[in-house]
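K.L.:
Pasting the sequence and the predicted coordinates here, then a few questions.
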Amino acid sequence: MVQRTIVPFGPQHPVLPEPIHLDLVLEDELVVQAIPSIGYVHRGLEMLAAKKDYHEMVYVAERICGICSAIHGIGYCIAAEALLQVEIPERAARLRVIIGELSRIHSHILWAGLLADGFGFESLFMHSWRVRELILDLLEEATGGRVIFGISKVGGLRRDIDDAQLERMAGKLDLVERECRAITDPLINDSTVKKRTVGVGKLPMEIAHLLGAVGPTARGSGLALDARKLGYGGYDGLKWEPIVETGADCHARSAVRVREITQSFDLIRQTLKAIRPGEVDLKIKPGVNPKGKYAARIEQPRGEVIYYLEGNGTANLQRFRVRTPTFANVAPLVKMLEGCQLADVPVIVLTIDPCISCTER
Amino acid sequence: MTQFIETQEVVAIAREELPARAAQLAKDGWRIVHVACINQGDHLDVIYAFDKGYKLVNYKLTIAKDDPVVPSISATYLAAFAYENELQDLFGMKVEGLVLDFKGKFYRKRHEAPFNPPACAATPPAGKA
């Protein structure tokens, strides 16, 4: 006779660096339903818009998350610049691409380490952290920060990354890419890893679409959705296509991220070739404030993030709303957990690369 | 290089129209992007955004604060359950027909409807959730 039990997963769990809770309804070892619960560390950052000047809100946006902080800042600035109807200097837009793609690489490497840790591949976990340091070194040299960068501002960048720095960065890219490939190859080719990921956590394309999946979670199910294709910022004119896998399982989602690391290096190289000398900061005159509403769509490492801003002509935004990719991927996660084995739950959860810090903005 | 500004259509509709609109959008292959609520002081705006082929369409509901009720679209778009629970938790709205209703406990929060508090004074603490 089948025994039905409910097993709580989280909010504290070895594979979860941040708190999220799932009630797993089991029939013996089979998960028949997963009920999510969030909000353990919800900070209400969106309400700070009522107190902070819209220029200062860049800092708040960056602090939504310690992993994708750079792209949060860029996303906020793009939305604010659209409301102000200003065009930032080309060099600033190009440099934002470089910073954004370096952030994507370090985020994906961090995810690779967490996934490896999730199924007990400890040496791969440790090497991931070692290689991630190389990327952080590049970011530190370019921006001065390793977690919070503080380089984006409404109107461009706070400071330039000079040509000598860019040249040094270009010289290091090949080495860093080789190191990245060495640690990511086992994630998609190793037979023991594949036993844990192939055919596990299925999310068919139609369901992924209906449930609003974004980022590598959607692209691993065959959906070619990538907000960078909108052509915002410096992505306009770069040659690339969204990475798509059709396996719709944990292996496919992993493969998307691994291939995206290579793609990000390529986008950085294309940008380094295209970048020209020039200004990086368009000064916004005092008293010029955002008016109207705009939803900027930016591709973060975990998928599309929405920055919805509404301004009423004052220095404070009337509404600052952020829809993060993990928030959008909660419903797909619930669906992919149905029918899996209890032992596979940590691996499945990790393949959406959950960022609870973002979700609890 | 020209600064990219996306064209974003906003269509104001009555709340009674929402479920049928959502059903038609789902049938036509649109995905749900997000649901945002904006406290306009005297009323609430709720924006439902959908995407197809990188085109964004927004449907806007204007909701009176003394009747903060909206129909759920979670039967059509299951993903909407998270956004709709957020409407209930942060803005004190009532979403009718939610397929996964956390009844105000999706977020563990100290205050009732912190993004839409009652007009008088500060909201008293609701106790530890």
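P.N.:
Good, I have the coordinates.

K.L.:
ok, residue A:294 - contacts?
P.N.:
A:79, A:82, A:83, A:308, A:309, B:5, B:6, B:8 (C-beta atoms under 8 Å, 6 or more residues apart in numbering or on different chains). C-beta here means a position set from N, CA and C on the backbone, and glycine is covered the same way.

K.L.:
Do you know the pLDDT at the third one?
P.N.:
At residue A:83, the model reports a pLDDT of 90.

K.L.:
Any idea how many residues pack against the nearest residue to it once chain neighbours are set aside?
P.N.:
Nearest non-adjacent residue to residue A:83, counting by C-beta to C-beta, 6 or more residues apart in numbering or on different chains: residue A:290, 3.7 Å away. The burial count assigned to residue A:290 is 26, neighbours taken as other C-beta atoms under 10 Å in any protein chain shown.

K.L.:
cool, residue A:264 as well?
P.N.:
Number of residues near residue A:264 (other C-beta under 10 Å) recorded here: 26.

K.L.:
what comes up buried for whichever helix or strand it is part of?
P.N.:
Following DSSP states H and E, the helix or strand that holds residue A:264 is helix A:250-274. The neighbour-count check on helix A:250-274 (16 or more other C-beta atoms under 10 Å in any protein chain shown) flags A:250-261, A:263-272 as buried.

K.L.:
Show me what it is packed up against.
P.N.:
helix A:90-118, helix A:163-189, helix A:191-197, helix A:215-219, helix A:345-351 (3 or more C-beta pairs under 8 Å, 6 or more residues apart in numbering or on different chains; DSSP states H and E).

K.L.:
Could you list the residues in contact with stretch A:173-189?
P.N.:
By C-beta under 8 Å, 6+ apart, stretch A:173-189 touches A:105, A:109, A:112, A:115-116, A:121, A:124, A:127-128, A:131, A:134-135, A:138, A:193-194, A:251, A:254-255, A:258, A:261-262, A:265, A:268-269.

K.L.:
switch to 6 Å and redo it
P.N.:
Stretch A:173-189 has contacts (C-beta atoms under 6 Å, 6 or more residues apart in numbering or on different chains) with A:112, A:127, A:128, A:131, A:134, A:193, A:254, A:255, A:258, A:261, A:265.

K.L.:
And for stretch B:91-111?
P.N.:
With C-beta under 6 Å, 6+ apart as the contact definition, stretch B:91-111 has outside contacts at A:39-40, A:42, B:37, B:68-72, B:74-75, B:81, B:84-85, B:87-89, B:113, B:115-116, B:123, B:125, B:129.

K.L.:
For PyMOL, write the selection for the buried entries among the residues you listed.
P.N.:
Here is the PyMOL selection string for the buried members of those, based on 16+ other C-beta under 10 Å:
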select buried, (chain A and resi 39+40+42) or (chain B and resi 37+68+70+71+72+74+81+84+85+87+88+89+113+115+116)
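
K.L.:
Stretch A:199-215 close to chain B?
P.N.:
Yes: using C-beta under 6 Å from any C-beta of the partner chain, stretch A:199-215 reaches chain B at A:209, A:211, A:212.

K.L.:
For residue A:38, see how far away the residue in chain B positioned nearest to chain A is.
P.N.:
In chain B, the residue that lies nearest chain A is residue B:107 (3.2 Å; C-beta to the nearest C-beta). The gap separating residue B:107 from residue A:38 is 7 Å, by C-beta to C-beta, to the nearest Å.

K.L.:
got it, and residue A:323?
P.N.:
Remark: distance between residue A:323 and residue A:38 (C-beta to C-beta) = 14 Å.

K.L.:
now residue A:342
P.N.:
When distance is defined by C-beta to C-beta, residue A:342 is 21 Å away from residue A:38.

K.L.:
And for residue B:70?
P.N.:
The gap separating residue B:70 from residue A:38 is 21 Å, by C-beta to C-beta.

K.L.:
chain center to the helix ranked longest in chain B, what's the gap?
P.N.:
Longest helix of chain B, by residue count under DSSP state H: helix B:80-91. Distance of helix B:80-91 from the chain centroid (C-alpha atoms, centre = their mean, to the nearest Å) equals 6 Å.

K.L.:
for the helix or strand following that helix, what is the average pLDDT?
P.N.:
Reading on from helix B:80-91 to the C-terminus, the next helix or strand found by DSSP H and E is strand B:94-96. Average pLDDT, strand B:94-96: 92.

K.L.:
Starting from strand B:94-96, tell me which strands it pairs with and how they run.
P.N.:
strand B:69-71 (parallel) (DSSP bridges).

K.L.:
What lies in contact with the strand it pairs with?
P.N.:
B:15, B:18, B:19, B:94, B:95, B:96, B:97.

K.L.:
And the furthest pair within those?
P.N.:
B:19 and B:94 (15.2 Å; C-beta to C-beta).

K.L.:
Comparing these two, which shows the higher neighbour count?
P.N.:
Each of residue B:19 and residue B:94 has its neighbours counted (other C-beta under 10 Å); residue B:19 has more, 17 against 12.

K.L.:
Spit out the contact partners of that one.
P.N.:
Counted by C-beta under 6 Å, 6+ apart, residue B:19 has contacts residue B:71.

K.L.:
any idea how far residue A:333 is from the residue in the stretch 101-250 of chain A that chain B sits nearest to?
P.N.:
In the stretch 101-250 of chain A, the residue that lies nearest chain B is residue A:212 (3.9 Å; C-beta to the nearest C-beta). Here the criterion is C-beta to C-beta. By it, residue A:212 lies 12 Å from residue A:333.

K.L.:
what touches both of the two?
P.N.:
Overlap of the contact sets of residue A:212 and residue A:333 (by C-beta under 6 Å, 6+ apart) is empty.

K.L.:
Between those two, which has more neighbouring residues?
P.N.:
More crowded of residue A:212 and residue A:333, by other C-beta under 10 Å: residue A:212, with 27 against 23.

K.L.:
in what helix or strand does that one lie?
P.N.:
Using DSSP H and E, residue A:212 falls within no helix or strand.

K.L.:
Spatially nearest residue to it (excluding sequence neighbours)?
P.N.:
Using C-beta to C-beta, 6+ apart, the closest residue to residue A:212 is residue B:79 (3.9 Å).

K.L.:
give me the number of residues near that neighbour?
P.N.:
27.

K.L.:
just residue A:312 next, same as before
P.N.:
Residue A:312 - counted by other C-beta under 10 Å - has 14 other residues nearby.

K.L.:
where does the most centrally placed residue in chain B land in three-state SS?
P.N.:
The structure's chain B has its C-alpha centroid closest to residue B:35; by C-alpha atoms, centre = their mean the separation is 4.4 Å. Following DSSP: H, G, I helix; E, B strand; the rest coil, we place residue B:35 in the strand state.
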